[in-house]
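1. Sequence first, predicted coordinates after that:
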Amino acid sequence: MFILVVIGIIGLIVLVIVLSIRHEKKRTEALRTFAQANGFSFEDIADSPEVIGLPAIELFNRGHSKRTSNTMRGEIASAAVRVLDYRYTVGSGKNSSTSHQTLVAVSTGDAMLPSFTLAPETFFHKIGQAFGYQDIDIDQFPEFSKRYLLRGGDEAAIRTLFGGRVVDAYMNGLVCNVEVRDGWLFVFKAGKRLKPEEIQPRIESAFAFLFELTGA
């Protein structure tokens, strides 16, 4: 009986692995099809974030075993666009966990935007604020400031930037993690990969938000 149980467990593990591999292959092919249909180049290989020429945003500084994959490169309305899966691991051994997400990155062109990060505020953020963790509140939009964490070096410029149209575009359109750094706008949901059919709407919402940030 013990041997049968062991064989059953091994068989289940093998089945899960096989199904996972099939799912990943199917997803990669769907992403490749999307890239070809939209004039993007596509690379399915896993590589380090530095190789794709994007700035070191906060997400890229977390954890270890960092890899990008399913990378799309192209242009929309003369703006460079990158779409990629990104994973990293925190901890080690049995205490490790790996986070997977899909990033959309859009070049901000000549716009002089202050660097900032914006994300839904969590319980742990609130605890951190009690110990001095930065959160820039926009006084005229208390609900926005209550629900989202806004951080950056130039607080005055960030407060000026976040007027009503920008806040509205975020709360009613994007509502995910955002970082602006070194001429790029990044949008993603932490720990969530996009389905192939979700990529186009995410790109569109990123451009809509960028339009409000830059007015162009």
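-> Everything's here; your move.
2. Tell me which residue is most central in this protein.
-> F188 (2.4 Å; CA atoms, centre = their mean).
3. Just give the closest residue to it, not the sequence neighbours.
-> Using CB to CB, 6 or more residues apart in numbering and skipping the chain neighbours, the partner closest in space to F188 is L103 (4.5 Å). Using the backbone N, CA and C atoms, a C-beta is placed for each residue, glycine as well.
4. do A35 as well
-> Nearest non-adjacent residue to A35, counting by CB to CB, 6+ apart: F42, 3.9 Å away.
5. buried ones in the helix or strand where that neighbour lies?
-> For F42, the host element (DSSP states H and E) is strand 41-43. By 16 or more other CB atoms under 10 Å, the buried positions in strand 41-43 come out as 42-43.
6. next helix or strand past that strand?
-> Next along the chain after strand 41-43, taking DSSP H and E as the criterion, comes strand 64-76.
7. I'd like the mean pLDDT over that following strand, please.
-> Taken as a whole, strand 64-76 carries a mean pLDDT of 93.
8. next one: stretch 209-216
-> Stretch 209-216 carries an average pLDDT of 87.
9. And stretch 172-192, by the same measure?
-> Taken as a whole, stretch 172-192 has a mean pLDDT of 92.
10. Quick one: end-to-end distance for it.
-> Across its full length, stretch 172-192 reaches 19 Å between end residues, using CA to CA, to the nearest Å.
11. Pull the residues that contact that stretch.
-> If you take CB atoms under 8 Å, 6 or more residues apart in numbering as the criterion, stretch 172-192 is touched by 54-55, 57-59, 86, 99-109, 113-120, 170, 202, 205-206, 208-210, 213.
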